[in-house]
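**Student:** coordinates only, sequence not included:
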């Protein structure tokens, strides 16, 4: 086993453990921490594939920005509310297991026909994904998609601000709804 | 470094994300599972980029675009979840059945 394989096995196990924690943990904070482990492991895989800049961006965006945002929202929504296991559709959870595992098997079976093996095409000694190489292509060939991404992010920012601006009306609606809904509804939500 | 292991790992993480989307009922955790699926796709893209090693570095650039799209999606999605929580006092996706007849 080469050193790369050892590193891959270690971080693949970490990634799978993190993902399993994420989908099974009762406490949402544990789920977020599991995804954080997975994201760090994925950054290691990027480094293994010589994509150093993508790895750095991945850690900065996911571990830095996205997970912080998720933790903020989890804390705002209420961390003490553990998910109840009762299902409105009784077979929903086993069916989710079957569908998830089925998708995995299906991907493997479908990929077996055109199974890609072998090593990478060019061994450039780790110079593949440096910031210069990525920037040369990003601001050359991929300039138009890059500008489209800028537009997308602007629209997303404006949309988020707009959603925050619609504050007053939903509050009135919520107050009206709470007045009209029977008090029993509240108890049903709190029950665990 | 052989590419197959990355592809299989990406498929496994994607399948776990699918399971999370189907089984979790907290809307925030559904969004987390979507993030996991996007990251699993990124593994594939970067692995194939290193495998092909073409001049325009399509895999890595696509991974960067996916990261940007995921960031935008998280911003909008969490804002929507917060608004839903403010309106309905719950982020449980099973209770969001206003469109049900």
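**Tutor:** Cool, got the structure. Keep in mind that this is a model prediction, so the values were computed, not measured.

**Student:** Could you use CA atoms for every contact and neighbour count after this?
**Tutor:** Noted.

**Student:** show me where chain A has helices.
**Tutor:** Secondary structure of chain A by DSSP state H: the helices cover A:3-24, A:28-48, A:52-58, A:67-77, A:92-112, A:131-138, A:143-165, A:168-180, A:184-190.

**Student:** and the longest one with helix A:131-138, angle?
**Tutor:** Looking back up the chat, that one is helix A:143-165. 90 degrees (axes from the mean of the first three to the mean of the last three Cα atoms, to 10 degrees).

**Student:** helices or strands next to helix A:143-165 in the packing?
**Tutor:** helix B:58-88 (3 or more Cα pairs under 8 Å, 6 or more residues apart in numbering or on different chains; DSSP states H and E).

**Student:** What distance do you get for residue B:25 to residue B:14?
**Tutor:** 18 Å (Cα to Cα, to the nearest Å).

**Student:** Neighbour count for those two, which is higher?
**Tutor:** residue B:14 (25 against 19; other Cα atoms under 10 Å in any protein chain shown).

**Student:** do the helix or strand hosting that one and chain A meet?
**Tutor:** Element membership for residue B:14 (DSSP states H and E) is helix B:4-23. Yes - using Cα under 8 Å from any Cα of the partner chain, we find that helix B:4-23 touches chain A at B:4, B:8-9, B:11-20, B:22-23.

**Student:** By proximity to chain A, which residue of chain B wins?
**Tutor:** Distance from chain A to each residue of chain B (Cα to the nearest Cα) is smallest for residue B:51, at 3.9 Å.

**Student:** Tell me how many other residues surround that residue.
**Tutor:** The burial count for residue B:51: 22, using other Cα under 10 Å.

**Student:** Residue B:73 versus that one, what's the distance?
**Tutor:** 29 Å.

**Student:** Show me the shaky parts of chain A.
**Tutor:** A:1, A:79-89, A:113-128, A:166-178, A:180-192 (pLDDT under 70).

**Student:** Show me how it divides into domains.
**Tutor:** Chain A breaks down into these domains under automatic domain parsing: A:1-80+A:126-141, A:143-179.

**Student:** burial count for residue 27?
**Tutor:** Just going to use chain A. 15.

**Student:** Not quite, go with chain B.
**Tutor:** Count around residue B:27 with other Cα under 10 Å applied: 22.

**Student:** thinking again about what came up before, so which elements touch the helix holding residue B:14?
**Tutor:** Counting by 3+ Cα pairs under 8 Å, 6+ apart, helix B:4-23 packs on helix A:3-24, helix A:92-112, helix B:27-52.

**Student:** any idea of the angle the first one forms with helix B:4-23?
**Tutor:** Computed with the same axes, to 10 degrees, the direction of helix A:3-24 lies at 0 degrees from that of helix B:4-23.

**Student:** and helix A:3-24, what does it pack onto?
**Tutor:** helix A:28-48, helix B:4-23, helix B:27-52.

**Student:** now the last one: mean pLDDT?
**Tutor:** It refers to helix B:27-52. On average, the pLDDT along helix B:27-52 is 90.

**Student:** just stretch B:65-81 next, same as before
**Tutor:** 91.

**Student:** Centre of the chain to it, how far?
**Tutor:** Remark: stretch B:65-81 is offset 10 Å from the chain centroid, using Cα atoms, centre = their mean, to the nearest Å.
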